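Novice: the sequence and its predicted three-dimensional model are supplied below.
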Amino acid sequence: MTSPTTLEPADPSGPPVLGGIPGSPQPRGFLVAFVAAWFGLSLVLGTLIGASIPKMLAFADEGAKGVELSIVAAIGGVIVILITPLFGRLSDRTMSKFGKRRPWILVGAVSGLAGVLVLAFSTELWQIVLGWAIAQTGYGAANAAVHALLADQIRTSIRARVSAAASAANAIALVVGAALVAALPNDEQWTWFVVPGVIGTLLCGILFFCLHDIVRTDRPPRWRWSDVLATYWLNPVRYRDFFWAWACRMLVTMSILTVSTYLLFFIIDRLGVPKESASGLFAMVVLIFTGASVVTTLVFGWISDRTGRRKAIVWVSALLSAAGLVLAAVAPDLPVFLVAMTLVGAAQGSFVSVDIAMMTEVLPTFEEAGKDLGIVALSYQVPQVLVPVLAIPLLAIGGGGQNYSALFVAAIVFGALGGLAVLPIRAVR
């Protein structure tokens, strides 16, 4: 195990050092471990809510699966909204000899695995909600710490490329997760949860041992109740660029989640695929989506770092997404739908290539990067509540089965608004 490096700045709130970051030089392999941990967290969280839980609900209650998935996703979303900024801020204040972020990465991942075990053997809706809540809480703590490392340890000059690699890892994790669930036996429910859970936890453990973390030696100010409330808030008037970047990320995320959350059910209900074999087709769709996403993530991440431009790439993403979603909404068969998902995947990849880099460049301070990046994470977590809540009436429009066309129209509107939200940002080109 490597020992953490202690930083003792004269003024902890002073300007960042070491090439635009406050952290210390990292050992060889840190970036690989960082991206791998990002992959692991995406694998477990994305697989559980995108493949494992929907598959469990489809087998348990065919008629109520849409509503039950909305309930699980919405409750889990509320929980993660509450804990993500809080854990980010607590990690900012942590004075452990292991560093500010490492304890949260390890303990969070192990706690999340406990929630996975609850899910693995759940048979009732309340048990699924409980397991998902525990998993979201644990892995949410680890996620907050890993995200904070972008500001702590990743130089601005390579941040878009590292963000692109992390986003590509996220996309690949969704493919791997879908393929795992499709390959595992239909009569062994526990494997749908335990396999991705163990992989994600182990990869977080590798980052724990590789990271030269910042050790906080100055005692933070006394914790007050007003600090708890401030954890979830940044003044949108004072920090206008941060607010608009946050709004952009939230709206684009709502666009993607509106489609991805119900994708397995779309395959079963709209394309007429039996639920016993739907996971295999779901994995193929995710693979095509992800392949396009990874290509555009890497290409546009390189272009963004070379040109210093972020906003134009967001506009490209919005146009691609709108085109793909319109095609998906009217797709008469599987081949056309796959083309549509390719366009939407390319749109997501181009967006995420600059998304995280843009957010870190409008952060108010480096001193509270964990808290501020926790608020950034809300732009992803809030849609996990809003989308399931909005999906219930949208799916019910017309009263003749599940109205997936209404979902796709809503996704188009969210994506277009997300593209417009970057226009007022001044600090980023």
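Specialist: That came through fine.
Novice: which stretches of the stretch 1-150 of the chain form helices?
Specialist: Along the stretch 1-150 of the chain, counting by DSSP state H, counting those that start in this stretch, helices occupy 30-47, 53-60, 65-93, 102-120, 125-153.
Novice: tell me which of these lies nearest to V195.
Specialist: Across these, V195 has its closest neighbour in helix 30-47 (8.7 Å, CB to CB). C-beta here means a position set from N, CA and C on the backbone, and glycine is covered the same way.
Novice: who are the packing partners of that closest one?
Specialist: For helix 30-47, the packing partners by 3 or more CB pairs under 8 Å, 6 or more residues apart in numbering; DSSP states H and E come out as helix 102-120, helix 125-153, helix 156-183, helix 189-210.
Novice: which elements pack onto the second one?
Specialist: To tie it back to what came earlier, the one meant is helix 125-153. If you count contacts as 3+ CB pairs under 8 Å, 6+ apart, helix 125-153 packs onto helix 30-47, helix 53-60, helix 65-93, helix 102-120, helix 156-183, helix 189-210, helix 334-360, helix 369-396.
Novice: buried residues, the second one. List them.
Specialist: For helix 53-60, burial by neighbour count (16 or more other CB atoms under 10 Å) applies to 53-58, 60.
Novice: which residues sit against it?
Specialist: With CB atoms under 8 Å, 6 or more residues apart in numbering as the test, helix 53-60 has contacts from 64-65, 68-69, 72, 119, 122-123, 128, 132, 181, 186, 189, 192, 264-265, 268, 275, 278-279.
Novice: report the buried members of those residues.
Specialist: In terms of neighbour count (16+ other CB under 10 Å), the buried residues within these are 65, 68-69, 72, 119, 122, 128, 132, 181, 189, 192, 264-265, 268, 275, 278-279.
Novice: list the residues that contact A292.
Specialist: Counting by CB under 8 Å, 6+ apart, A292 makes contact with 342-343, 345-346, 349.
Novice: hang on, I meant M341
Specialist: 285, 288-289, 324, 328.
Novice: tell me which of the helices and strands packed on helix 125-153 lies nearest to F300.
Specialist: Proximity to F300 (CB to CB) singles out helix 334-360 among the helices and strands packed on helix 125-153, at 4.0 Å.
Novice: give me the pLDDT for the spatially most central residue of the chain.
Specialist: Centroid-nearest residue in the chain: Y380, 6.2 Å away (criterion: CA atoms, centre = their mean). On the pLDDT scale, Y380 is placed at 75.
Novice: hang on, it packs against R249?
Specialist: Yes - in this structure, Y380 is within contact of R249 by CB atoms under 8 Å, at 6.9 Å.
Novice: returning to what we had before: which members of the contacts of M341 occur in strands, if any?
Specialist: With DSSP state E as the criterion, strands contain none of these.
Novice: which of those lies closest to R216?
Specialist: Lowest distance from R216 to the contacts of M341 (CB to CB) belongs to F289, with 40.8 Å.
Novice: ok, and for stretch 147-165, which residues are buried?
Specialist: For stretch 147-165, by 16+ other CB under 10 Å, it's 147-154, 158-165.
Novice: next one: stretch 197-209
Specialist: Of the residues in stretch 197-209, those buried (16+ other CB under 10 Å) are 197, 199-201, 203-208.
Novice: over to stretch 109-123?
Specialist: Buried residues in stretch 109-123, counted by 16+ other CB under 10 Å: 109, 111-113, 115-120, 122.
Novice: tabulate the contacts of M341 (TSV), appending distance to V237.
Specialist: TSV is the format used below for these (distance: CB to CB, whole Å):
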residue	distance to V237
V285	43
I288	43
F289	38
G324	35
A328	38
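Novice: restricted to helices, list those residues.
Specialist: Using DSSP state H, 285, 288-289, 324, 328 are the members of the contacts of M341 that sit in helices.
Novice: most surrounded residue in these?
Specialist: Highest neighbour count within the ones in helices among the contacts of M341: F289, with 29 neighbours (other CB atoms under 10 Å).
Novice: residue contacts, that one?
Specialist: F289 makes contact with 171, 341-342, 344-345, 348, according to CB under 8 Å, 6+ apart.
Novice: from the residues you listed, which is closest to I81?
Specialist: I81 lies nearest to Q348 out of the contacts of F289, by CB to CB, at 21.9 Å.
Novice: so that closest one versus L327, what's the distance?
Specialist: Noted for Q348: a distance of 15 Å to L327, by CB to CB, to the nearest Å.
Novice: quick one on the thing from earlier: A312: which of the buried residues of stretch 197-209 is nearest?
Specialist: Distance to A312 across these (CB to CB) is lowest for L207, with 33.0 Å.
Novice: wait, doesn't the closest one sit right on F34?
Specialist: Yes - counting by CB under 8 Å, L207 touches F34, with 6.2 Å between them.
Novice: give me the common contacts of the two.
Specialist: Counting by CB under 8 Å, 6+ apart, the shared contacts of L207 and F34 are V146.
Novice: low-confidence ranges in the stretch 151-300 of the chain?
Specialist: Applying pLDDT under 70 to the stretch 151-300 of the chain picks out residues 156, 160, 223, 225-234.
Novice: since that was my last question, I'll sign off now.
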